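Novice: This is a predicted model, with the sequence first.
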Amino acid sequence: AQKITQTQPGMFVQEKEAVTLDCTYDTSDPSYGLFWYKQPSSGEMIFLIYQGSYDQQNATEGRYSLNFQKARKSANLVISASQLGDSAMYFCAMRETSGSARQLTFGSGTQLTVLP
Amino acid sequence: GAGVSQSPRYKVAKRGQDVALRCDPISGHVSLFWYQQALGQGPEFLTYFQNEAQLDKSGLPSDRFFAERPEGSVSTLKIQRTQQEDSAVYLCASSSGPGDGYTFGSGTRLTVV
């Protein structure tokens, strides 16, 4: 079963506007972490933001915020004031922390294009 | 070093050839991960090291894939008798501990012809 689902293969946004990238997850582990990464065409995975399952508040990092809805098992990324440099592939990922596994499980990604 | 370094950046191999991909993690990072990323897909976990110990190799797709980290720093992912389906970007990530964030390298793009 898919642990991380990103239903938007591609998204377009006008420069300076906000955009929401969707992510839903599936886990029975009560302790987990959710990550968002940006992957430009150069290939490197750039960490954006992290949300722990027990965190009371939604995570924010500059123009990035994570809309965490635990009951719905969703962790959407909101990018405010989009810039042309935000055009890239965006991945949602999860790490389950109760067991021995330490790896991230990734979704299939969303290709974001920022239009001038 | 300042980041995770992977080499070579690009590799073209003839089908049946053996290849070795190198990952140089951030100095002092205990945990090291290898991922395989097919074109247009998210990375898929291959294997995980804590220091020199390979704690999880459940993601290795076949016994043609082998990874090592003999001194707990540099790691090598070896693929024997490469097949076309092995064509992908191979990403390495390191972390200072099991509960910490991950830093990824730029990857090695392997093309098997």
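Specialist: Yep, it's here. Residues are numbered from 1 along each chain as shown, chains lettered A, B, ... in the order given.

Novice: how about the residues of chain A near chain B?
Specialist: Residues of chain A lying close to chain B by CB under 8 Å from any CB of the partner chain are A:4, A:35, A:37, A:42-47, A:50, A:91, A:93, A:97, A:100-109. Any C-beta I mention is one placed from the backbone N, CA and C, and that applies to glycine too.

Novice: Can you select the buried ones among those for me in PyMOL?
Specialist: Here is the PyMOL selection string for the buried members of those, based on 16 or more other CB atoms under 10 Å in any protein chain shown:
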select buried, chain A and resi 4+35+37+43+44+45+47+50+91+93+97+101+102+103+104+105+106+107+108+109
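
Novice: Can you pick out the ones from the residues of chain A next to chain B that are in strands?
Specialist: Of these, the ones assigned to strands by DSSP state E are A:4, A:35, A:37, A:46-47, A:50, A:91, A:93, A:105-106.

Novice: got those residues as JSON lines, with pLDDT columns?
Specialist: JSON lines is the format used below for these (pLDDT from 0 to 100):
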{"residue": "A:Ile4", "pLDDT": "97"}
{"residue": "A:Phe35", "pLDDT": "95"}
{"residue": "A:Tyr37", "pLDDT": "96"}
{"residue": "A:Ile46", "pLDDT": "94"}
{"residue": "A:Phe47", "pLDDT": "93"}
{"residue": "A:Tyr50", "pLDDT": "94"}
{"residue": "A:Phe91", "pLDDT": "98"}
{"residue": "A:Ala93", "pLDDT": "96"}
{"residue": "A:Thr105", "pLDDT": "94"}
{"residue": "A:Phe106", "pLDDT": "96"}
